[in-house]
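J.: Need a 3D model of the sequence below.
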Amino acid sequence: MKELKAYLPNRTECKEFTLFLDRDGVINEPIVDDYAKKPDDFVICKGALQAIKELKNIFRYVILVTNQQGIHRELMSEKDLENVHLKLHNAMKLDSIPYFDLALFAPYLRTVNNSWRKPSTGMLLQAKEYLKDINFKQSIMVGDSPSDMVLADNVGAVKVRIENPQFSFDNQDFKFDSLSSFAKYFT
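T.: The predicted structure is shown next:
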């Protein structure tokens, strides 16, 4: 049997697709060897808000999925993460952008075997539990790290890599330099 090559749907087909977005390095500027522990640390990438607005208009669902091991390491609390996400929410609201259909996070250490932490599939399975009509074969995972691409492999989703000089790997179906350039692909 011939295996189908991954493809990005056209704008019309996107209405049937779910878009999963990583946060750090995709929506906000990554902090090398650290975390956005408070709102002042959270710097939104240039063009990311406009990209999210466009993507929300063309995909069935746009879901945020992010590992946040700084919580487990006690470098920040869940309340700190809530405040960081509130900054993102307020920035989106200011630009009349509806918030994500779901925002999920895994606070667990990389060394802890937890089904929610990427590349494990727990966050995506929880999203499917909430939004029953998610089809992973009609999903795209956008991230900047190897674990994002392995997560996509684990559910059969299309793998879109946003370039981040912190990571060197080549396990993606498509590569873009920013979330903004990914969104422009559909316009």
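J.: hmm, who's touching the helix or strand where residue 49 lies?
T.: When secondary structure is defined using DSSP states H and E, the element that contains residue 49 is helix 48-58. Contacting residues not belonging to helix 48-58 are listed as 11, 14-15, 19, 21, 26-28, 62, 91-92, 95-98, 178-180, 182-184, 186-187 [C-beta atoms under 8 Å, 6 or more residues apart in numbering]. From N, CA and C alone the C-beta is placed, and that goes for glycine too.
J.: what's the neighbour count on residue 127?
T.: Residue neighbour count, defined by other C-beta atoms under 10 Å, stands at 22 for residue 127.
J.: any idea of the mean pLDDT for the host helix or strand of it?
T.: Residue 127 belongs to helix 122-130 when assigned by DSSP H and E. In this model, helix 122-130 carries a mean pLDDT of 97.
J.: and what of stretch 176-187?
T.: Mean predicted confidence for stretch 176-187 is 95.
J.: Okay, buried residues for it please.
T.: Counting neighbours by 16 or more other C-beta atoms under 10 Å, one finds that the buried residues in stretch 176-187 are 176, 178-180, 182-183, 186.
J.: which residues touch the closest residue to residue 174 other than its chain neighbours?
T.: Among residues not flanking residue 174 along the chain, residue 160 sits closest, at 4.9 Å (C-beta to C-beta, 6 or more residues apart in numbering). When the contact criterion is C-beta under 8 Å, 6+ apart, the partners of residue 160 are 8, 140-143, 172-176, 182.
J.: give me every residue that touches residue 183.
T.: Under the criterion of C-beta under 8 Å, 6+ apart, the neighbours of residue 183 are 50-52, 54-55.
J.: what about the helices in this protein?
T.: 48-58, 69-72, 78-94, 122-130, 146-155, 179-185 (DSSP state H).
J.: what are the C-alpha coordinates of the first one, in PDB please?
T.: Output for helix 48-58, consisting of C-alpha atoms alone and laid out as PDB, is shown next (Å, rounded to 0.1, in the frame of the first residue of the first chain):
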ATOM      1  CA  ALA A  48       1.800  36.200  16.100                       C
ATOM      2  CA  LEU A  49      -1.500  37.800  17.100                       C
ATOM      3  CA  GLN A  50      -2.400  38.600  13.500                       C
ATOM      4  CA  ALA A  51      -1.500  35.100  12.600                       C
ATOM      5  CA  ILE A  52      -3.700  33.600  15.300                       C
ATOM      6  CA  LYS A  53      -6.600  35.800  14.200                       C
ATOM      7  CA  GLU A  54      -6.200  34.600  10.600                       C
ATOM      8  CA  LEU A  55      -5.800  30.900  11.700                       C
ATOM      9  CA  LYS A  56      -8.900  31.200  14.000                       C
ATOM     10  CA  ASN A  57     -10.900  32.300  11.000                       C
ATOM     11  CA  ILE A  58     -10.000  29.300   8.800                       C
END
